[in-house]
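# pasting a predicted model and its sequence here:
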Amino acid sequence: MELKAVVKYRGALAHYKVSPENENIYHARLIRYDGKPDQTPPAQITLTRGSEHWSGSSDKQDLLDKIGEVIEHRITDHNHFFSGRNNDAPPGIGKPG
């Protein structure tokens with residue numbers, strides 16, 4: 001299952017589709033950027049959730065943190081971000097129904 005993360009980057013909105021690899025690793029793919037073409041953010045980012053912060057395949061820490069906040073919000077809200085398999089779900093999120 002994927003989620004859409006819309007975050008501010010260099011004063012414009014960056015639209016990413018985010019999909020989980022497992023409980024702590026996510027892949028974000030840029031689907032649209034509303035800013036200047038010469039300021040486009042990374043097209044693909046792998047994010048890793050650590051115990052205190054997000055890291056990833058980009059050196060744009062602010063961008064990693066913003067996308068990570070969207071992921072955290074979705075997990076906290078129990079919006080079944082994962083595919084429904086119990087072994088993929090973080091603590092507190094199980095199989096739907």
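Yep, it's here.

# when you work out contacts or count neighbours from here on, use the C-alpha atoms and nothing else.
OK.

# just the element for residue 42, please.
Here residue 42 is covered by no helix or strand, with elements defined by DSSP states H and E.

# return the distance of it relative to residue 75.
Taking CA to CA, to the nearest Å as the measure, residue 42 falls 24 Å from residue 75.

# out of those two, which sits in the busier spot?
Set side by side, residue 42 and residue 75 show more neighbours around residue 75, with 18 against 15, by other CA atoms under 10 Å.

# isn't residue 57 up against residue 43?
No - using CA atoms under 8 Å, residue 57 is not in contact with residue 43; the gap is 10.9 Å.

# ok, residue 33 to residue 61 distance?
According to CA to CA, residue 33 and residue 61 sit 18 Å apart.

# and these two? Which one has more around it.
It is residue 33, of residue 33 and residue 61, that has more neighbours when counted by other CA under 10 Å, with 20 against 14.
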